[in-house]
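1. Predicted model and sequence below, questions to follow.
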Amino acid sequence: MDNLTEPASQRVVGFSDGAISQVGGRGAVFDRNPCAESVATHFGQTTRLAGPILMGHLSNFAMTTTTLLLFGWLGSASLAAAGLAIRVAVSTNILAGILLVAGVAASGANGGRDAKRVSGFYWNGLYLALALSVLSFAWMTVAPGLLAVLGQPPEVVAEAERILHVLRWGEPANLLRLGLMRTMLPALGMTWILYALTPLSLVLYVVAGFGLVFGFSGLPPMGAIGIPVALVGVTWLTALVMLAAVHCGRSRSLIPFTRIGLSLLRELIRAGLPIGTLQGVDGIFFLIATVVVGQFGAAALAAHQIALNFGTIAYSLAVSFGDAAALRISYRRGALAFQDARVAGFVGVTMGTVSMAAAALVVLAFPNVF
């Protein structure tokens, strides 16, 4: 059954046609027959859905890379401090992993045609993002003291503390952007926002960063601290644009105001905690590696930041396939299309594995380029 020609009264509540074709596929939900979709269809739909999610990942990667470049132009000590601050800010990725579940859960509710739960997952995801940002703020406040105890160069720790004390004010926006909206926007059929905001936010950040460091375009010259100030400003602007697009566009009818629901919050935390823990293990591993390298001084720490940044694109591609697969699996489970959910999972795992293997082969074949 072709869901693009299905009568409007029988369509899944809450999805535009574009979102249905990407997340729901063509016909998988409505006839609920085993193996309603071919493997080729799964590959095609997963790729199309992973595209905008990848743009969200690359936006974060581009922001991080730009930050390191801006600090790198100010000297190796500044670059070392910026890299150390970014690794300390791992709390964002850990807590964002918990929030990813909100969009996946909303996708499942769409598959089951449960509009009330779609709205509930969105609003409770929003409440949870604000609550978790308090934890992240607290961690970024006390972390510099821990770095000093762990033997990092004092001048680097002092600069990292200045950077973190600015970055912490962007945590609510960061968790909205990297956590809740990363899967919620595709679930609501609003993937275009991720495509549009990635290049715009990056250009704005570069202009604002240079302007605040050197005093261009009438902006006050703030030196190195102008870089995190610009980053926080652009992060908040991006998050607010996402919220405005959701609440002022066509999707606002899908998410009427919903109060805090303890049962929904427990559901999100219970499902999201393993994901956040896994991302935490990954982030803490790289934080420990950075701390160990920091024992050799600012120059070694600066070089480590450059080397560590190379694997991020390949990682982002694999994670994007995983996020897309999670959305499609949840949608089919909600629609009781379990065989298609199983195939969607195998396709996502395959695409993630192949993408990482291909990236490894490219680095192996052209090591000097990297």
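-> In hand now; what should we look at? Residues are numbered from 1 along each chain as shown.
2. Under the pLDDT cut-off, which ranges of the stretch 201-350 of the chain? List them.
-> By pLDDT under 70, the weakly predicted segments of the stretch 201-350 of the chain are 298, 301-302, 305-306, 309-314.
3. can you rerun that using 80?
-> The model of the stretch 201-350 of the chain has pLDDT under 80 over residues 216-218, 278-291, 293-316.
4. now the helices for it?
-> Ranges of helices in the stretch 201-350 of the chain, per DSSP state H, counting those that start in this stretch, are 226-248, 262-294, 298-308, 312-334, 338-365.
5. Now do the fourth one against helix 338-365: the angle between them, please.
-> It refers to helix 312-334. Here the directions of helix 312-334 and helix 338-365 differ by 170 degrees (axes from the mean of the first three to the mean of the last three Cα atoms, to 10 degrees).
6. CA atoms of helix 312-334 as PDB?
-> Extracted C-alpha coordinates of helix 312-334, given in PDB (Å, rounded to 0.1, in the frame of the first residue of the first chain):
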ATOM      1  CA  THR A 312      35.500  12.500  14.000                       C
ATOM      2  CA  ILE A 313      34.000  12.600  10.400                       C
ATOM      3  CA  ALA A 314      34.100   8.800  10.100                       C
ATOM      4  CA  TYR A 315      32.600   8.500  13.500                       C
ATOM      5  CA  SER A 316      29.900  11.000  12.700                       C
ATOM      6  CA  LEU A 317      28.900   9.100   9.600                       C
ATOM      7  CA  ALA A 318      28.600   5.800  11.400                       C
ATOM      8  CA  VAL A 319      26.600   7.400  14.300                       C
ATOM      9  CA  SER A 320      24.200   9.100  11.700                       C
ATOM     10  CA  PHE A 321      23.400   5.700  10.200                       C
ATOM     11  CA  GLY A 322      22.800   4.400  13.700                       C
ATOM     12  CA  ASP A 323      20.500   7.300  14.600                       C
ATOM     13  CA  ALA A 324      18.500   6.900  11.400                       C
ATOM     14  CA  ALA A 325      18.200   3.100  12.000                       C
ATOM     15  CA  ALA A 326      16.900   3.700  15.500                       C
ATOM     16  CA  LEU A 327      14.200   6.100  14.300                       C
ATOM     17  CA  ARG A 328      13.100   3.600  11.600                       C
ATOM     18  CA  ILE A 329      13.100   0.600  14.000                       C
ATOM     19  CA  SER A 330      11.100   2.500  16.600                       C
ATOM     20  CA  TYR A 331       8.600   3.600  13.900                       C
ATOM     21  CA  ARG A 332       8.000   0.000  12.800                       C
ATOM     22  CA  ARG A 333       7.800  -1.400  16.300                       C
ATOM     23  CA  GLY A 334       5.100   1.100  17.000                       C
END
